[in-house]
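Asks: Generate coordinates for the sequence data below:
(one chain, ligands or ions: 2)
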Amino acid sequence: MPKVYNWQIGREMDYPYEGARPKKQFAMLFDTNKCIACQTCTVACKTTWTPGRGQEYMFWNNVETKPYGYYPLGWDVKILEQHGVQDVGGPVYKGKTLFESAPSGERILGYLPEDLDYAHPNVGEDDSFGDMQQGELLQIPHMQWMYYLPRICNHCTYPACLASCPRMSIYKREEDGIVLLDQTRCRGYRECVKGCPYKKTFFNPITRVSEKCIGCYPAVEGGRQTQCTITCIGKIRLQGFIGKPDEIREDNPIDYIVRVAKIACPLYPQFGLEPNTYYIPPVHVPPRYLVQMFGAGVERAIAGYRKAADDEKLLGALLLFGATPMIIHHYKVEAGVSIGFDEKGGELVRVPLREAIHVRAAFDEQHQAYRTNIT
Ligand code: SF4
Ligand code: SF4
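Replies: Numbers count the residues shown, from 1 in each chain. Ligands and ions are numbered 1, 2, ... in the order given. Here you go, the predicted model:
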């Protein structure tokens with residue numbers, strides 16, 4: 001099997017095809033500390049792309065409450081159990097990826113969910129983990145915790161869906177790294193559904209072929225961010241492109257956050273797919289849980305996020321989340337303002353690093369009334 005380099009696990013690994021990175025790689029950042037699980041992103045995606053027959057159960061974008069929420073049921077727990085205990089603690093991952101754990105004759109270790117696993121899209125919503133005894137004080141990290149995990153297809157560098165498909169129906173676009181499924185080639189074998197550990201391909205029982213997130217490619221081609229990103233109420237998302245491992249650009253907000261400041265981590269990097277969605281981990285959750293989910297860089301990421309206000313470049317990148325519907329290719333911080341630019345260098349948006357605070361008198365003379373809020 002060919003060897004490919006996976007920067008997220010710090011080593012080469014087996015993959016069924018030769019590695020070839022696209023010219024640009026679609027990427028998305030999520031700040032889990034800001035998500036409020038309003039599901040606006042889910043509805044925006046659903047109404048745009050999957051309102052039809054056979055798509056009723058499809059959620060290309062979903063938001064689940066961790067640790068007990070999953071869609072489909074138990075998607076990560078089931079594959080983690082099959083994968084077995086792995087050492088995820090170091091910069092170079094010593095365990096096996098899912099490709100390296102493939103049973104004989106198969107390309108990846110996977111499983112096919114049951115129909116009923118898709119019956120409860122928001123199971124576990126707002127359930128928290130942990131006990132707090134009567135009279136105990138709240139500590140950091142919290143003894144009781146939960147957080148919201150928004151998920152889309154990761155448009156992986158080494159997609160398991162693509163590797164699993166015997167019909168070669170799934171391909172990765174050279175121009176932007178978006179992973180698409182050619183429904184005219186698909187015969188509905190569901191190998192992609194079995195292979196994708198994130199369970200982000202879906203079988204349509206009416207058309208009898210599979211479907212998946214298309215990364216809103218018509219929008220992306222026009223320089224616009226995806227629907228789930230631009231509708232996000234919490235402004236927790238930033239969609240753009242991540243540089244190749246040897247071409248890190250400090251003026252790309254995604255590169256700066258992921259590769260320079262290192263405050264965002266991939267989802268289950270040990271699976272080996274090099275997923276291209278990156279998560280700023282929740283600061284209140286015990287690191288032991290987070291390391292399994294986001295890899296060895298979690299504690300450093302949380303420490304860096306907590307000190308973001310001391311790094312103007314980082315603060316400037318974080319403030320670009322939700323600031324414009326257009327894709328920001330470059331940015332700079334100048335005179336206390338973060339400025340985002342499009343691919344050709346045209347200015348898209350300006351965001352002040354700090355908002356001016358105006359303090360008003362407690363008594364409003366004009367209305368002869370006391371104010372409850374004076375800022
Ligand atoms: S997340 Fe799943 S469906 Fe998306 S590219 Fe990766 S393997 Fe394919
Ligand atoms: S729209 Fe944004 S804040 Fe609301 S659930 Fe989706 S990711 Fe979270």
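
Asks: CA only for contacts and neighbour counts going forward, please
Replies: Noted.

Asks: mind listing what's buried in stretch 166-175?
Replies: Neighbour counts over stretch 166-175 (16 or more other CA atoms under 10 Å) mark 169-173 as buried.

Asks: residues contacting the spatially most central residue of the chain?
Replies: The residue lying closest to the centre of the chain (CA atoms, centre = their mean) is Thr277, at 3.5 Å. By CA atoms under 8 Å, 6 or more residues apart in numbering, the residues touching Thr277 are 27-30, 154-155, 266-267.

Asks: ok, which pair from those is furthest apart?
Replies: Between any two of those, the greatest separation by CA to CA is 14.7 Å, found for Phe30 and His155.

Asks: Of the two, which one has the most company?
Replies: His155 (27 against 24; other CA atoms under 10 Å).

Asks: Was I right to think that one contacts Arg173?
Replies: No. His155 is beyond contact range of Arg173, at 9.9 Å (criterion: CA atoms under 8 Å).

Asks: Going by neighbour count, which residues of stretch 225-241 are buried?
Replies: Applying 16+ other CA under 10 Å to stretch 225-241 flags 225-241 as buried.

Asks: Equivalent analysis for stretch 352-366, please.
Replies: For stretch 352-366, a neighbour-count test (16+ other CA under 10 Å) marks Leu353 as buried.

Asks: mind checking the end-to-end distance for that stretch?
Replies: Terminal residues of stretch 352-366 are spaced 31 Å apart (CA to CA, to the nearest Å).

Asks: Quick one: mean pLDDT over that stretch.
Replies: Average pLDDT, stretch 352-366: 91.

Asks: Repeat that for stretch 202-209.
Replies: The model assigns stretch 202-209 a mean pLDDT of 98.

Asks: interface residues of the protein facing ligand 2?
Replies: Residues of the chain found near ligand 2 (CA under 6 Å from any ligand atom) are 35-41, 63, 150, 232-234, 236.

Asks: any chance of those residues in TSV, plus secondary structure and distance to Ala323?
Replies: Converted to TSV, the residues of the chain next to ligand 2 look like this (DSSP: H, G, I helix; E, B strand; the rest coil; distance: CA to CA, whole Å):
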residue	secondary structure	distance to Ala323
Cys35	coil	16
Ile36	coil	18
Ala37	coil	20
Cys38	coil	19
Gln39	coil	19
Thr40	helix	17
Cys41	helix	16
Val63	strand	21
Pro150	strand	19
Cys232	coil	11
Ile233	coil	11
Gly234	coil	11
Ile236	coil	10
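
Asks: filter these down to the ones close to ligand 1.
Replies: Applying CA under 6 Å from any ligand atom to the residues of the chain next to ligand 2, none is adjacent to ligand 1.

Asks: now, which of those sits nearest Val92?
Replies: Nearest to Val92 among these, counting by CA to CA, is Pro150 at 26.7 Å.

Asks: can you give me phi and psi for Gln86?
Replies: Main-chain dihedrals, Gln86, degrees, to the nearest 10: phi -130, psi 150.

Asks: So which residues on the protein come close to ligand 1?
Replies: Contact residues, the chain versus ligand 1 (CA under 6 Å from any ligand atom): 153-156, 159-161, 179, 196, 198-201.
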